[in-house]
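Participant: From the sequence below, what's the structure:
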Amino acid sequence: MAPVPMATLDISFKPERAHLRRPKRGVIAERVVPQAVRGRYRRLKWAALILCLAIYYILPFVRWERGPGQPGQAVLFDMERGRLYAFFIEIWPQEVYYLTGLLVLATLVLIWINAVAGRVWCGYFCPQTVWTDLFLLVERVIEGDRRERLKKRDAPLTARRVLEIGLKHAAWILVAMATGGAFVLYFADAPTLVGDMVTGQASAIAYAWVVILTGTTYVLAGFAREQVCTWMCPWPRLQGAIWDPEALTVNYRDYRGEPRGSAKKAAELRAKGEPAGDCVDCLQCVNVCPIGIDIREGPNFACINCGLCVDACDGVMTKLDRPRGLIDYEAWANIERERSGQPGRRRVVRAKTVGLGLAIVALAAAMGVGLGLRGDAKIAVIHDRNPVAVRLSDGRTRNGYTVRLYNKADNERSFRLAVSGLTDAAIEVVGHDAAVSVASDATRELRVLVSSAEGEKRSIAFVATDLASGWAVTAQDMFIPSEGGR
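Facilitator: Below is the predicted model of the structure:
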């Protein structure tokens, strides 16, 4: 079998607007004005929008019982106590590695999705896409669809037009305020904070963040739009490196669509036995694109794989009684195969997707096991650096340590400290006896001195035993003789 030709990913993005008037002098480019479209992918985008917005706005009000003295909000970033609560999971600041693991996991999932279906995340679930769709809906309801908005763009201002503009921006600001207001609810008890904000009793920081997020949402979703997806977001820049010709992306079957021409001209050419493509160059695929690109020019890094051009093209093909799928979700490798007369084949399961999938499962499993096996107590040890060791008058060596005990339980607990790994070790907890109490859901820092006659560097273990349950936690460190500390 002949090798499948590879496509070159176009990174010289520019909105295709040949059918519009030229920009005025001094204007870099006109803002993209997408047209509304109906179809299955548009319905999927509406479903994704409703789902994402529902989760975002409702989740802060979901309750979760954790016991007396614990917050009752299911998802909460508790800045005052330094906790992250997510239903049954509680993350302490010292467990930030779980958040790091979550970010790595999200990155792997995003790369896996890209290998399967390109930038489909960007087209359906990215917050920028979701809020841009919402802002566009408001704009269409108030100002009309694309044709009406283009007519009004340079038309003289009238009282009706001023009212429309004012109403649109007022609605945008309300949506942006709701966005910023919902975000701060993740950092405090939502019902309480809503009441405080309405009555003016919330903190200045809460109001400040609402203002900041209102402004950013208003600018990014109302004005920046495609510029965010193309230039501000780093993800498109990675497409040239991770683009996969076997991924199921939006592509144009140029072998079927070219040469372009009107339906009448195509009929005349076919009657003469000359080649004629199915594309009638109606530009509907360009008009509905939220980024403003022409997918017929080939794979483009700016395409967010939303599928709206597929809906637009399928609608035109249906009206012309021609087969659908001129623009479709299809692997570029299959486009090349079909062009050369070979049958297309879906290769979702391949080495790349399987490897990424296994990595995702392994990382998720490791994090799940780690969360499941962790206890409600922990001990951490830091060895003194200056001096590392001190020789006592009786010839023994003393090492100093900072020991921190963590009690994640809802009740106060007492721990007994001991050290293992030294045959003649003596341990002293400065200011305490060997038993130390730690308040509920708190930490306690201790100064601990360990002395021994050992003359060699040894690995030792600090053991903190819960006096009530007998359950123990350990932490490893080193005991260094005085000669090694000089």
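Participant: Pretty sure Gln284 sits against Cys313.
Facilitator: Yes: look at Gln284 against Cys313 with C-beta atoms under 8 Å: they come within range, at 6.7 Å. Every C-beta, even on glycine, is put in place using the N, C-alpha and C of the backbone.
Participant: And those two? Which one has more around it.
Facilitator: Applying other C-beta atoms under 10 Å to Gln284 and Cys313 shows that Cys313 carries more neighbours, namely 28 against 19.
Participant: Excluding residues flanking it in the chain, which one is nearest Gly370?
Facilitator: Nearest residue to Gly370 in three dimensions, chain neighbours excluded: Tyr98, at 7.5 Å (C-beta to C-beta, 6 or more residues apart in numbering).
Participant: The one you found - how many residues pack around it?
Facilitator: Applying other C-beta under 10 Å, I find that Tyr98 has 16 neighbouring residues.
Participant: Point out where this structure drops to low pLDDT.
Facilitator: 1-30, 434, 484-486 (pLDDT under 70).
Participant: Now do the strands in it.
Facilitator: 75-78, 83-86, 89-91, 248-252, 327-331, 377-383, 390-391, 397-407, 413-420, 426-429, 435-438, 442-452, 458-466, 472-479 (DSSP state E).
Participant: In JSON lines, list those strands along with mean neighbour count.
Facilitator: Formatted as JSON lines, the strands of the chain follow (neighbours: other C-beta atoms under 10 Å):
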{"stretch": "strand 75-78", "mean neighbour count": "18"}
{"stretch": "strand 83-86", "mean neighbour count": "17"}
{"stretch": "strand 89-91", "mean neighbour count": "16"}
{"stretch": "strand 248-252", "mean neighbour count": "24"}
{"stretch": "strand 327-331", "mean neighbour count": "21"}
{"stretch": "strand 377-383", "mean neighbour count": "17"}
{"stretch": "strand 390-391", "mean neighbour count": "15"}
{"stretch": "strand 397-407", "mean neighbour count": "20"}
{"stretch": "strand 413-420", "mean neighbour count": "18"}
{"stretch": "strand 426-429", "mean neighbour count": "15"}
{"stretch": "strand 435-438", "mean neighbour count": "17"}
{"stretch": "strand 442-452", "mean neighbour count": "17"}
{"stretch": "strand 458-466", "mean neighbour count": "18"}
{"stretch": "strand 472-479", "mean neighbour count": "16"}
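Participant: Ok, which of these comes nearest Ala208?
Facilitator: For Ala208, the closest of the strands of the chain is strand 75-78, at 16.4 Å, according to C-beta to C-beta.
Participant: so how far is that closest one from its chain's centroid?
Facilitator: Using C-alpha atoms, centre = their mean, to the nearest Å, the mean C-alpha position of strand 75-78 is found 18 Å from that of the whole chain.
Participant: still on that earlier bit, quick one: the residue nearest to Gly370 from Tyr124, how far?
Facilitator: Noted for Tyr98: a distance of 27 Å to Tyr124, by C-beta to C-beta, to the nearest Å.
Participant: ok, back up a step: include distance to Ala263 when you put the strands of the chain into CSV, please.
Facilitator: Listed next are these as CSV, based on distance: least, C-beta to C-beta, whole Å:
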stretch, distance to Ala263
strand 75-78, 54
strand 83-86, 56
strand 89-91, 59
strand 248-252, 18
strand 327-331, 17
strand 377-383, 73
strand 390-391, 93
strand 397-407, 73
strand 413-420, 80
strand 426-429, 89
strand 435-438, 80
strand 442-452, 75
strand 458-466, 81
strand 472-479, 77
